[in-house]
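> take this sequence and fold it.
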Amino acid sequence: FYLKRQHVVGWNERFRNWRAGFGRVSRCAREANVLAELNERNLPAPRWAAAGESAGRAFLLVEEARGARDLRTV
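Residues are numbered from 1 along each chain as shown. Just a heads-up that it's a prediction; the model follows:
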């Protein structure tokens, strides 16, 4: 698993996500929504195990994709 954390979720970020059609959410929540939609359409994407927001912070726990190549090495 990989844990992604946001220490600060500002209103500018929430506004940008809202304007893009995702609602007033954090980057973590936006990514969880996108990953869930990809999985619903049977497209290859890692699955997320947990996500949440509280007190201006957010997190996303994503399963490791076996056999995936690190983008930095590609």
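
> give me the buried positions along stretch 4-19.
Buried positions in stretch 4-19, judged by neighbour count with 16 or more other C-beta atoms under 10 Å: Q6, V9, E13, R14, N17. (C-beta placed from N, C-alpha, C; glycine too.)

> just the ones in strands from these, please.
The strands, defined by DSSP state E, take in Q6 from the buried residues of stretch 4-19.

> now, the buried residues of stretch 4-19 that are in helices?
Of the buried residues of stretch 4-19, the ones assigned to helices by DSSP state H are E13, R14, N17.

> let's have these in JSON lines, adding distance to A58 and pLDDT.
What follows is those, written out as JSON lines (distance: C-beta to C-beta, whole Å; pLDDT from 0 to 100):
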{"residue": "E13", "distance to A58": "10", "pLDDT": "94"}
{"residue": "R14", "distance to A58": "10", "pLDDT": "95"}
{"residue": "N17", "distance to A58": "11", "pLDDT": "95"}
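
> need the longest helix for this structure.
helix 27-40.

> ok, residues contacting that helix?
4-6, 9, 13, 17, 22-23, 25, 44-48, 51, 53, 58-60, 62 (C-beta atoms under 8 Å, 6 or more residues apart in numbering).

> got the CA positions of the helix or strand following it in PDB?
Next helix or strand after helix 27-40 toward the C-terminus (DSSP states H and E): strand 48-54. This file holds the C-alpha atoms of strand 48-54, laid out as PDB (Å, rounded to 0.1, in the frame of the first residue of the first chain):
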ATOM      1  CA  TRP A  48      -7.800   2.500  -3.200                       C
ATOM      2  CA  ALA A  49      -8.400   1.000   0.200                       C
ATOM      3  CA  ALA A  50      -9.300   4.100   2.300                       C
ATOM      4  CA  ALA A  51      -9.700   7.800   1.900                       C
ATOM      5  CA  GLY A  52     -10.800  10.600   4.100                       C
ATOM      6  CA  GLU A  53     -10.700  14.300   5.100                       C
ATOM      7  CA  SER A  54     -10.800  16.000   8.400                       C
END
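
> ok, residues contacting strand 48-54?
Under the contact criterion C-beta under 8 Å, 6+ apart, strand 48-54 has outside partners 1, 9, 25-26, 28-29, 31-32, 35-36, 58-63.
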